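**Q** Below is the structure, and that's it, no one-letter string:
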């Protein structure tokens, strides 16, 4: 929902850039002023366009938090040994999810590739957590699989 | 709102732990079974209790994203030199916000201290961004100051 | 050089594990004791084996530091606008290099894939930095290209 | 040793900046050219000066790696439950060490404060690891205590 709203704002932005260009074409010193306007529009466009990634950024942040919570709760379980793989994957998944959120928010040229790899880690972590019945593992598994989906979409 | 809901769940949890202990006291082999139940309760309590930090975790994630967006948009402004301090603080702020979110989600014994320092960085970044009229700087400034408030509360 | 030393230690370790197994085979309660010994050996082996990644971990840490230094120095250049792409890539590269160092040190099952992507980011950053004559850009470019090589080897 | 070398280079840099200023004072258009030279000198000085932090950056990187190795090896120990606190502190310590390395390499105005807190986390982790006789815990404890020292010096 949040993403849809952002996409609309992105649409409005494109309209605003067109208007800007029409105005720009009527200026007395078009060359210099156009450069200024175009850079400003590019900055705004960039600021807006990566709000389009919002759904995936949110999923990454939520997944990282769920993984961090899960690892701490796993460490307090009766049988920690059984949770060892889960804890290790939680660490990997939290780390790459936070990285992916940053790459998307910075609109990095590598955002898609980071998301593609992030989806793989999320899937592995979600599957491992899904094997355990504890609330924290089930919550984490759900967050991981949602995030894997969003990241796969992002990776295109 | 999300935090309030979580606090309530925390309250319900405490009740559930008490019930657990009453049941435990009636078991035939209380010593061993109590240990198991207490560890399970501790794991659940930990899982629940740091959902209480949710408002601050959310503020940190949103602030980190706003800073990352702001630095990218600043780099595309006409006068990048004017934005240099803003970009440098955006980098610091995004990094420490993501760290703080992790410490809180892991319910670390150092979460309060990390949040105290995070609040300082957020305040500095929020003030610097607040000096610039661009939409990305104003949005970032707002996210930083909100996060500084939440982190100050967390640091207690 | 450091890596070679570690590899040798890895070799010695294998010998030690074999000796352990020979001793284990002469124990009175082989089944239970063997499990204990095997887990200890696995823990030691894991601890040692990812020291084999040392050359790549060192390259990632040095590259991350060089990128962080470069972005700060770029922000203080006379013509910051010219450095915008360099700064953006420095941020990406520092972030993924630190992530890769962590994945390798934790001997993660995803270490190779993270290194493969890290190599790509390093290469892009090294090429961009290489276009600028400032000492910080040249130093960063060198560190990035060295790291790209190590990561490519790791990714196998 | 590496830090001493860097400090000397820092000394040489100061001399070079002075020479630059003497030359600058003899230029035909001193005002404009001085600005250019001063910015270049500032950029170089910044690039050099945070190489002075090198010893602490190296200690942070080595500590983060040791913590990451230790947590993985702990998860493969026979009695993982006994290692739970160690694993949790390893995660905190690795995360804040990598953050501190970044703040120092970027010559952030918050580098000292981050190092002060980092020293505390390192000390806690070093003490916990020091209680366990396994090679990975002893190696980690040593790296943590060294890093705590370097960070305390940095924090001044």
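**A** Perfect, thanks for sending it. The model shown is predicted, which means the values in this text are computed figures rather than measured ones. Numbers count the residues shown, from 1 in each chain, chains lettered A, B, ... in the order given.
**Q** now stretch A:56-71: mean pLDDT?
**A** Across stretch A:56-71, pLDDT averages out at 98.
**Q** That stretch and chain C in contact?
**A** No. Shown here: stretch A:56-71 not in contact with chain C (CB under 8 Å from any CB of the partner chain), separated by at least 12.2 Å. Quick note: C-beta positions are derived from backbone N, CA and C, even for glycine.
**Q** Verify the contact between residue A:94 and residue B:99 for me.
**A** No. Counting by CB atoms under 8 Å, residue A:94 stays clear of residue B:99, with 11.5 Å between them.
**Q** So which residues on chain A come close to chain D?
**A** Residues of chain A lying near chain D (CB under 8 Å from any CB): A:71-72, A:75-76, A:78-81, A:83-84, A:87-88, A:91.
**Q** In these, find the pair that's most separated.
**A** A:78 and A:91 (20.9 Å; CB to CB).
**Q** Tell me where chain A has helices.
**A** Assigned by DSSP state H, chain A shows helices spanning A:2-24, A:30-49, A:54-74, A:84-105, A:111-130, A:135-155.
**Q** give me the number of residues near residue A:137?
**A** 23 (other CB atoms under 10 Å in any protein chain shown).
**Q** re the thing from before, for the residues of chain A next to chain D, give me a markdown table that also has neighbour count.
**A** Shown next, in a markdown table, are the residues of chain A next to chain D (neighbours: other CB atoms under 10 Å in any protein chain shown):
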| residue | neighbour count |
| --- | --- |
| A:71 | 26 |
| A:72 | 24 |
| A:75 | 24 |
| A:76 | 22 |
| A:78 | 16 |
| A:79 | 12 |
| A:80 | 24 |
| A:81 | 16 |
| A:83 | 28 |
| A:84 | 18 |
| A:87 | 27 |
| A:88 | 22 |
| A:91 | 26 |
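**Q** In contact with residue A:105, which residues are there?
**A** A:50, A:53, A:57, B:64-66, B:68-69, B:72, B:94 (CB atoms under 8 Å, 6 or more residues apart in numbering or on different chains).
**Q** which pair in the residues you listed spans the largest distance?
**A** A:53 and B:94 (15.2 Å).
**Q** neighbour count winner among those two?
**A** Set residue A:53 next to residue B:94 and count neighbours by other CB under 10 Å: residue B:94 wins out with 29 against 24.
**Q** got the contact list for the more buried one?
**A** A:102, A:105, B:63-65, B:67-68, B:71.
**Q** From these, list the buried ones, please.
**A** Buried by 16 or more other CB atoms under 10 Å in any protein chain shown: A:102, A:105, B:63-65, B:67-68, B:71, out of the contacts of residue B:94.
**Q** Out of those, the closest to chain C would be?
**A** residue A:102 (6.1 Å; CB to the nearest CB).
**Q** dump the residue contacts of the nearest residue to that closest one once chain neighbours are set aside.
**A** Excluding the flanking residues, the one nearest residue A:102 by CB to CB, 6 or more residues apart in numbering or on different chains is residue B:68, at 5.4 Å. If a contact means CB under 8 Å, 6+ apart, then residue B:68 has A:101-102, A:105-106, B:90, B:94 as its contacts.
**Q** go again using 10 Å as the cut-off
**A** Residues counted as contacts of residue B:68 (CB atoms under 10 Å, 6 or more residues apart in numbering or on different chains) are A:50, A:57, A:101-108, B:90-91, B:93-95, B:97-98, B:140, C:91.
**Q** returning to that earlier point: any chance of the residues of chain A next to chain D in JSON lines, with distance to chain B too?
**A** Shown next, in JSON lines, are the residues of chain A next to chain D (distance: CB to the nearest CB, whole Å):
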{"residue": "A:71", "distance to chain B": "7"}
{"residue": "A:72", "distance to chain B": "5"}
{"residue": "A:75", "distance to chain B": "8"}
{"residue": "A:76", "distance to chain B": "4"}
{"residue": "A:78", "distance to chain B": "5"}
{"residue": "A:79", "distance to chain B": "9"}
{"residue": "A:80", "distance to chain B": "10"}
{"residue": "A:81", "distance to chain B": "13"}
{"residue": "A:83", "distance to chain B": "10"}
{"residue": "A:84", "distance to chain B": "15"}
{"residue": "A:87", "distance to chain B": "11"}
{"residue": "A:88", "distance to chain B": "15"}
{"residue": "A:91", "distance to chain B": "10"}
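**Q** Which secondary structure element of chain A has the lowest mean pLDDT?
**A** Ranking every helix and strand in chain A by mean pLDDT, DSSP states H and E puts helix A:2-24 at the bottom, with a mean of 42.
**Q** Can you give me every residue that contacts the closest residue to residue A:61 other than its chain neighbours?
**A** Spatially, and ignoring its direct neighbours in sequence, residue A:61 is nearest to residue B:61 (4.1 Å; CB to CB, 6+ apart). By CB under 10 Å, 6+ apart, the residues touching residue B:61 are A:57-58, A:60-62, A:64-65, A:98, A:101, B:97-98, B:100-101, B:105, B:143, B:147.
**Q** With respect to chain C, which of those residues is nearest?
**A** residue A:98 (8.9 Å).
**Q** just to revisit the earlier point, quick one: which of the residues of chain A next to chain D is nearest residue D:126?
**A** Out of the residues of chain A next to chain D, the member with the shortest distance to residue D:126 (by CB to CB) is residue A:75, at 19.1 Å.
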